[in-house]
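Student: Pasting the sequence and the predicted model now:
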Amino acid sequence: MAEPAGPFHVLRAGPGRFLCYCRPGGAVCVTDAMEVWAGDLGGCPAFGCRCPPEEHGAMLRAALGRGAAELSLGPSSATLRMLEEPRCPAVALAQLPAAEARSQLQALVFGMAGCIETLERRLEAAVETLASSCSPQKNTAQSQQLFLPARKRHLE
């Protein structure tokens, strides 16, 4: 099972919170950490859709990023629609069977853990770089260079 690609967005529907993310291959998933709903972003339904199918996924991702998407839950399905884009109808999401949902949640958790590990390593490297560039010895040497007369700097 492929790890989720993200980006990740938290949506509210009624009293609940849901995590929405995109998987490789153009699928969108929504989960409340117990159940998973999934749908295809490859295009939008032919009937009533006035947006170009190749733009539908990018438009939905952008709407999620702006907080301009709405999730509606039904008994065994859900819909995800863009609030600011009336040209595109909602994306239909089907509730996944329990075994598939467990597999998706496992991929989600370990995919996010991998992202966190990578971010922690990058942050640690950035902090080390920043700390070494702000060492007292370097700061003293740099400030001395700044305050030396121009002629004396050329002689060194």
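Tutor: Happy to help now that I have it.
Student: Mind naming the longest helix for the chain?
Tutor: helix 98-133 (DSSP state H).
Student: Identify each buried residue in stretch 30-46, please.
Tutor: By neighbour count on 16 or more other Cβ atoms under 10 Å, the buried set for stretch 30-46 is 30, 31, 35, 36, 37, 38, 39, 40, 41, 44. C-beta: built from backbone N, CA, C; applies to glycine.
Student: Same list (the residues you listed) but as a markdown table, adding distance to residue 111, pLDDT and secondary structure.
Tutor: Formatted as a markdown table, these follow (distance: Cβ to Cβ, whole Å; pLDDT from 0 to 100; DSSP: H, G, I helix; E, B strand; the rest coil):
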| residue | distance to residue 111 | pLDDT | secondary structure |
| --- | --- | --- | --- |
| 30 | 16 | 94 | strand |
| 31 | 12 | 94 | strand |
| 35 | 18 | 94 | coil |
| 36 | 13 | 95 | strand |
| 37 | 18 | 95 | strand |
| 38 | 15 | 93 | strand |
| 39 | 19 | 91 | strand |
| 40 | 19 | 86 | strand |
| 41 | 18 | 76 | coil |
| 44 | 26 | 49 | coil |
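Student: can I get the residues you listed in TSV with distance to residue 13?
Tutor: What follows is the buried residues of stretch 30-46, written out as TSV (distance: Cβ to Cβ, whole Å):
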residue	distance to residue 13
30	9
31	12
35	12
36	14
37	11
38	16
39	15
40	20
41	19
44	21
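Student: re the thing from before, the longest helix of the chain vs strand 36-40, what angle?
Tutor: Put simply, helix 98-133 runs at 90 degrees to strand 36-40, going by axes from the mean of the first three to the mean of the last three Cα atoms, to 10 degrees.
Student: Which other helices and strands does helix 98-133 contact?
Tutor: For helix 98-133, the helices and strands in contact under the criterion 3 or more Cβ pairs under 8 Å, 6 or more residues apart in numbering; DSSP states H and E are strand 27-31, strand 36-40.
Student: Dihedrals phi and psi, residue 89?
Tutor: Here is the backbone geometry of residue 89 (degrees, to the nearest 10): phi -70, psi 170.
Student: okay, now it: neighbour count?
Tutor: By the measure other Cβ atoms under 10 Å, the count of residues near residue 89 is 18.
Student: One more: residue 22?
Tutor: Neighbour number of residue 22 under other Cβ under 10 Å is 20.
Student: ok, back up a step: got the angle for the longest helix of the chain vs strand 27-31?
Tutor: Helix 98-133 and strand 27-31 are oriented at 90 degrees to each other (the same axes, to 10 degrees).
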